[in-house]
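Participant: build me a model:
(2 chains)
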Amino acid sequence: MDIVLQQLVNGLTLGSVYGLIAIGYTMVYGIIGMINFAHGDVYMVSAYITAIALAILTFFGIESFPIILVGTLFLTVAVTGAYGWVIERIAYRPLRSSSRLAVLISAIGMSLILQNYVQLSQGANQQGVPTLLTGALRFNVGDGFVQITYMKLLILFISILGMGVLTYVIQKTKLGRMCRATQQDRKMASILGIDTDKVISTVFVIGAVMAALAGVLVTLDYGAFDFYVGFIIGIKAFTAAVLGGIGSLPGAMLGGLILGLSEALFAGLISSDYKDVFSFSLLVLILIVRPSGLLGKPEVEKV
Amino acid sequence: MSNAVVRKTLISLAVAGAATLAQADVVIGVAGPHTGAYAAFGEQLWKGAEKAAMDINAAGGVNGEMIKLVKADDACEPKQAVSVANRLVDSDGALAVVGHFCSSSSIPASKIYEEAGVIMVTPASTNPTLTDQGLPNVFRVCGRDDQQGDVAASYIVDKLNAKRVAVIHDKDTYGKGLADAMKSTLNAYGVKEVMYEGLTRGEKDFNALITKIRSVDADVVYFGGLHSEAGPLVRQLREQGSKAIFISGDGIVSDEFVSVAGSPKYVDGVLMTFGAPPTSYPSGKKVIKEFRDGGYEPEGYTLYSYTAMQVAVAALSNNNLDPIKGAEWLKSHSIDTVMGKKNFDDKGDLTVSDYVMYEWDGQGKYHVVD
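Facilitator: Predicted coordinates for the structure are as follows:
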């Protein structure tokens, strides 16, 4: 019993990270109908910026964890957001009127550029940051125990907060209305006076910011990263986005949770050898039954 | 200056010039993960080989010709290993190769070196298959995973008296090979593992796996793999409150293991099998001092790489730069290296292996366990 509960906790925290990153895929797809294959590498960049921010803060002799956390989050979100904006400018905007294939290739190119640029500038070695927050909540269940570290609690809290704020922005604010209008019909939105270029830039920045949240949290938790960490987690988050219905914001969060939980439960109760085989089989299955994903709307061909 | 001396100088210059035209240098490849997640090991290989080549060149080179090193980066990927191996033999004209690091790279690359008739001396690939293939040109200056697994298994049974051993591997040729070798000896001792599972290389979250280790109540966790996964694994194991003893092989012999694990306190007490301290051989004293004077600590596989270069050069210089004859020659001669005298058997393995158990301490350093 305690083991199943522990696996649920593991899956929940992992899934919330997938969900955060999946938002970047789903929003960009929603607004310009393309997959941002460089998104996983934006996450990777944010891991490096986290380490740099930590180094800067420690250099100034700051040692209290809350200040370090807020400072690192602030710096990383700002710099990674700027990356998101620049990437859209360089790799996507000039190609917006070209075929989808061209944009897809430029996205993959961007991903390779980021990986190699980070590898060259920061070295190919594994990097590590020291543990800052230790300790855990522990509950006795039967003869065993279930525990959740404070860091994992923080991951859950900040992920839920981030997703909540984003949902509010999209549903209730003027910016959100502009995003939704652009998503529905870009041409009509721009005729009605919405600066769609600006909206698209904003969406890239929002995606990068969410990836940066995940990057800071995961880096502080696991401590280890290299220039290649964006690849696996990017693919997983992309899977989560497709699973939930790409283009749908709640879908990304749901997909992330389902993926995280299914991975943890399968690895924990059956075998971690075939964990990824299981997750991706699940994806294939859902796509066969529901091609638009769990919460996605079937695409209507406009006439 | 007398006439004779001038003439002699001119002649030797002409000879040197002709040699430059024909073949300027002895090209030796240094193949390994110079980039990628395992670049720390690539650096060890390169530092060792570079120093060896410099020292040999300073002492007159290989039969008077200078060694020219070519860096070949396989990023620890089998596909890339094959393509850099082809490049080394085809366009660079390498006569010998020091490398590769990862067994999954060494095995496919070794066939290319065999076809091209090039000597391959790996400083670090420990998978038994590499030499069991029966290729005439392949040598290694490290031990084999079955020897390494034996040492670990007998330690677990005799010293730790462990009954509940969880065996984890990274599904890779090296990691799974090592874990399997350990497991089979363990089973031969009559201890059945309580868990045997693989994890995915490149991932950082192993919490689900660790919860499972907790659920089988393991008192020893044996991991076959590299430090980039071992670090997060041991850290998350401790975070989940497990006190199981963590044992791994030579894949974690790098300072990066500590930084990847988050802090030295997580690696405290981690056990590791690795060859007897390469820095303990009296023949290596001078080289080690020079490394340290140059500000580089020859950790992990650095001296193995130096040794591999000496072995390759000995084979070439004693056989008129003929790699095929050189490979034959190596099997019946002993070579003096910085790590003592080395003898090879018919397969290309060392006749004596010297695995011992090390323990990491709370300062992030490792020492031989008495």
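Participant: can you give me the strands in chain A?
Facilitator: Taking DSSP state E as the test, the strands found in chain A are A:127-128, A:136-141, A:144-149, A:224-225.
Participant: from those strands, which stretch is densest packed?
Facilitator: strand A:224-225 (a mean of 26; mean count of other CB atoms under 10 Å in any protein chain shown). For every residue, glycine as well, the C-beta is placed using N, CA and C.
Participant: and that strand, which strands flank it?
Facilitator: strand A:127-128 (antiparallel) (DSSP bridges).
Participant: just to revisit the earlier point, and the strands of chain A: which comes nearest B:Arg140?
Facilitator: strand A:224-225 (29.3 Å; CB to CB).
Participant: spatially nearest residue to B:Gly99, not counting backbone neighbours?
Facilitator: Here the nearest residue to B:Gly99 in space, its sequence neighbours aside, is B:Ala31; by CB to CB, 6 or more residues apart in numbering or on different chains that works out to 3.1 Å.
Participant: one step back: for B:Arg214, which of the strands of chain A is the nearest?
Facilitator: Relative to B:Arg214, the nearest member of the strands of chain A by CB to CB is strand A:144-149, separated by 7.9 Å.
Participant: sheet partners, orientation included, of that closest one?
Facilitator: strand A:136-141 (antiparallel).
Participant: still on that earlier bit, which one of the strands of chain A lies closest to A:Val79?
Facilitator: Among these, strand A:224-225 sits nearest to A:Val79 (CB to CB), with 15.7 Å.
Participant: picking up where we left off before, the residue nearest to B:Gly99: how many residues sit nearby?
Facilitator: B:Ala31 has 30 neighbours, counted by other CB atoms under 10 Å in any protein chain shown.
Participant: could you dump the strands of chain A to JSON lines with distance to A:Ala51 and mean pLDDT?
Facilitator: What follows is the strands of chain A, written out as JSON lines (distance: least, CB to CB, whole Å; pLDDT from 0 to 100):
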{"stretch": "strand A:127-128", "distance to A:Ala51": "6", "mean pLDDT": "88"}
{"stretch": "strand A:136-141", "distance to A:Ala51": "24", "mean pLDDT": "88"}
{"stretch": "strand A:144-149", "distance to A:Ala51": "20", "mean pLDDT": "89"}
{"stretch": "strand A:224-225", "distance to A:Ala51": "8", "mean pLDDT": "91"}
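Participant: can you tell me the SS state at B:Lys163?
Facilitator: Using DSSP: H, G, I helix; E, B strand; the rest coil, the structure places B:Lys163 in coil.
Participant: pLDDT wise, what is the residue nearest to it when sequence neighbours are not counted at?
Facilitator: Spatial nearest neighbour of B:Lys163, chain neighbours left out: B:Val191 (6.7 Å); criterion: CB to CB, 6+ apart. With respect to pLDDT, B:Val191 scores 95.
Participant: how about stretch A:38-55: buried residues?
Facilitator: A:38-51, A:53-54 (16 or more other CB atoms under 10 Å in any protein chain shown).
Participant: list the contacts of the most centrally placed residue in chain B.
Facilitator: In chain B, the centroid-proximal residue (CA atoms, centre = their mean) is B:Ala124; its distance is 1.4 Å. Counting by CB atoms under 8 Å, 6 or more residues apart in numbering or on different chains, B:Ala124 touches B:32, B:41, B:45, B:101, B:142, B:250, B:301, B:304-305.
Participant: do you know how far it is from B:Phe206?
Facilitator: As judged by CB to CB, to the nearest Å, B:Ala124 and B:Phe206 stand 25 Å apart.
Participant: also A:Leu269?
Facilitator: Counting by CB to CB - A:Leu269 and B:Phe206 are separated by 15 Å.
Participant: swap in B:Gln80?
Facilitator: 26 Å.
Participant: with neighbour numbers in mind, choose between those two.
Facilitator: B:Phe206 (25 against 18).
Participant: thought the more buried one was touching B:Leu199?
Facilitator: Yes: if you go by CB atoms under 8 Å, B:Phe206 and B:Leu199 touch, sitting 5.9 Å apart.
Participant: which neighbours do the two share?
Facilitator: Shared contacts of B:Phe206 and B:Leu199, counting by CB under 8 Å, 6+ apart, come down to B:229, B:233.
Participant: hmm, back to that, quick check, the residue nearest to B:Lys163 in a helix?
Facilitator: No: using three-state DSSP, the assignment for B:Val191 is coil, not a helix.
Participant: near chain B, anything from the helix ranked longest in chain A?
Facilitator: If you go by DSSP state H, chain A has its longest helix at helix A:2-32. Yes: applying CB under 8 Å from any CB of the partner chain, one finds that helix A:2-32 is in contact with chain B at A:3, A:6-7, A:10-11, A:13-14.
Participant: filter those residues to the buried ones?
Facilitator: Looking at these with 16+ other CB under 10 Å, the buried ones turn out to be A:3, A:6-7, A:10-11, A:13-14.
Participant: residues of the stretch 1-150 of chain A that sit close to chain B?
Facilitator: So the stretch 1-150 of chain A meets chain B at A:3, A:6-7, A:10-11, A:13-14, A:119, A:123-131, A:134, A:136, A:138, A:144-145, A:147, A:149 (CB under 8 Å from any CB).
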